[in-house]
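Asker: With the sequence up front, the predicted model follows.
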Amino acid sequence: QLQLVESGGGLVQPGGSLRLSCAASGFTLENAAIGWFRQAPGKEREGVSCISNRGGATNYADSLKGRFTISRDNGKNTVYLQMNSLKPEDTAVYYCAAASRLFGLCVLSAVPYDYWGEGTQVTVSS
């Protein structure tokens, strides 16, 4: 059974850092592009970052460039999202998703992502 599990969320003060992990089971992550999305209360889901199946291509939301870094360790079947200089507006539930039909590229639209985790809460507050 294909499953994505996010971890690493929590409460952090403004300016702090967190590293989110997305671990896959039931399939090989190398066969899919992986995206991170987030949804804050009362807001629409937005694409945060993504990485192609072998890591050669990445994308970031313009507002997050320079603060967030996505990476993958296919040997561990895990994708990471390093988040630095966190701001209160980064508070949201963060989801990872796999696009099993995207190869060599990734996109921040949710459309091609066919498998989703249940999310991990990130709260940035003093």
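Answerer: Perfect, I can see it now.

Asker: And the spatially most central residue of the chain, how far from residue 47?
Answerer: Central residue of the chain (C-alpha atoms, centre = their mean): residue 36, 2.4 Å from the mean position. For residue 36, the distance to residue 47 (C-beta to C-beta, to the nearest Å) stands at 8 Å. C-betas here are computed from N, CA, C, even on glycine.

Asker: quick one on the thing from earlier: spit out the contact partners of the residue nearest to the centre of the chain.
Answerer: Residues in contact with residue 36 (C-beta atoms under 8 Å, 6 or more residues apart in numbering) are 20, 22, 47-50, 70, 79, 81, 94-97.

Asker: Same check on residue 105?
Answerer: By C-beta under 8 Å, 6+ apart, the residues touching residue 105 are 33, 52, 57.

Asker: what about 10 Å?
Answerer: 33, 50-53, 56-59, 99, 112 (C-beta atoms under 10 Å, 6 or more residues apart in numbering).
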